[in-house]
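K.L.:
Next one to model:
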Amino acid sequence: MNQKPKYRHELKYMINHHQFYTIRQRLKNMMRPDENVGASGEYHIRSLYFDDLHNSALHEKLGGVRDRKKYRIRIYNVQDKVIHFEKKIKRGDYIAKVKESLTRDMYEAIMRGDYGVLNRPDKPLLLEIYNQVTHNMLRPKVIVDYIREPYVCHNGNVRITFDKELRTGLHATDIFDPELKPVRALDDHLIILEVKYDEYLPEYIRMALQLEGLNRQSASKYVICRKHLKTNTWEDY
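P.N.:
Model (predicted):
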């Protein structure tokens, strides 16, 4: 199925625990938890990010290029019930995401370097990734691992997430590796707040967030983890 990207606003902020508890308490009165959360109100996300021979995704982000893309494989709660190969697209101040499901066997083949499983003319995204792998040497680069607490609101199709305990797998690239012990990539006291919405952000949510007083940040989790990898392993970009 050929997916047409749906572009949305995305705002990111770095907040401390005091700000987190204050904002969350306000939001609980006007938003509901995402339906996918467990009893804790959270779920675990682990992604394997890919980049090409020239580390284009990394350098375009660091260079402030406004139109860019990233590819990643994503799982939830370290389970293989849902495995997606995703493309995240940035166009100015808007973001979009398209994705295609993978089976565990397809994932394992990719990990072995058997990228032929992506050569699927009936699935445009997988075929695009196959061409990137073949012509631009797109390869796994870094694991990004964190806990997400999400809230949603029908008005404006708003989704607000608190991403905690950002970790990276350093040189590991197997997201299902039972021996994987991700290490902290961000200060323990910092949480990433993301605000996504369609055409508008309801004023009552904007007031609850008090965005003007927060530290808006541009560094992506991918970049944070790549920088941590470089710092700790002398990786050369």
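K.L.:
can we go C-alpha only for contacts and neighbour counts from here?
P.N.:
Will do.
K.L.:
from the middle of its chain, how far away would the strand ranked longest in the chain be?
P.N.:
With DSSP state E setting the assignment, residue counts place strand 139-153 as the longest strand in the chain. Computed by CA atoms, centre = their mean, to the nearest Å, the separation of strand 139-153 from the middle of its chain amounts to 5 Å.
K.L.:
Check stretch 90-109 too.
P.N.:
Taking CA atoms, centre = their mean, one finds the center of stretch 90-109 at 10 Å from the center of the full chain.
K.L.:
Can you give me the end-to-end span of it?
P.N.:
For stretch 90-109, the first-to-last residue distance is 29 Å (CA to CA, to the nearest Å).
K.L.:
cool, and stretch 165-179?
P.N.:
Counting by CA to CA, the terminal residues of stretch 165-179 are separated by 18 Å.
K.L.:
From residue 219, how far out is the residue lying closest to residue 146 once chain neighbours are set aside?
P.N.:
Here the nearest residue to residue 146 in space, its sequence neighbours aside, is residue 166; by CA to CA, 6 or more residues apart in numbering that works out to 4.6 Å. Here residue 166 is placed at a distance of 13 Å from residue 219 (CA to CA).
K.L.:
Mind checking what secondary structure the residue nearest to residue 146 has?
P.N.:
Going by DSSP: H, G, I helix; E, B strand; the rest coil, the secondary structure assigned to residue 166 is strand.
K.L.:
mind starting the numbering at 26 from now?
P.N.:
From this message on, residue numbering opens at 26, which makes the last subject residue 191.
K.L.:
From residue 248, how far off is it?
P.N.:
From residue 191 across to residue 248, the span is 12 Å (CA to CA).
K.L.:
who has more neighbours, these two?
P.N.:
residue 191 (25 against 18; other CA atoms under 10 Å).
K.L.:
State whether the more buried one and residue 209 are indeed in contact, as I suppose.
P.N.:
Yes - in this structure, residue 191 sits in contact with residue 209. The criterion is CA atoms under 8 Å, and the distance is 6.0 Å.
K.L.:
Check which strands are paired with the longest strand of the chain and give the direction for each one.
P.N.:
Partner strands for strand 164-178, per DSSP bridges, with pairing direction: strand 57-58 (antiparallel), strand 68-76 (antiparallel), strand 183-193 (antiparallel).
K.L.:
Report the mean per-residue pLDDT for that strand.
P.N.:
For strand 164-178, the mean pLDDT works out to 97.
K.L.:
just stretch 61-68 next, same as before
P.N.:
The average pLDDT within stretch 61-68 is 92.
K.L.:
List the buried residues of that stretch.
P.N.:
Counting neighbours by 16 or more other CA atoms under 10 Å, one finds that the buried residues in stretch 61-68 are 67-68.
K.L.:
Please apply the same query to stretch 152-164.
P.N.:
By neighbour count on 16+ other CA under 10 Å, the buried set for stretch 152-164 is 152-158, 162-164.
K.L.:
Return the closest of these with respect to residue 78.
P.N.:
For the buried residues of stretch 152-164, the closest approach to residue 78 (CA to CA) belongs to residue 162, at 5.3 Å.
K.L.:
List the residues that contact that closest one.
P.N.:
Under the criterion of CA atoms under 8 Å, 6 or more residues apart in numbering, the neighbours of residue 162 are 77-78.
K.L.:
Verify the stated contact: residue 215 with residue 44.
P.N.:
No - between residue 215 and residue 44 no contact is recorded; they are 9.9 Å apart, counting by CA under 8 Å.
K.L.:
Mind checking which of the two has more residues around it?
P.N.:
Taking neighbours as other CA under 10 Å, residue 215 and residue 44 compare with residue 215 leading, 19 against 15.
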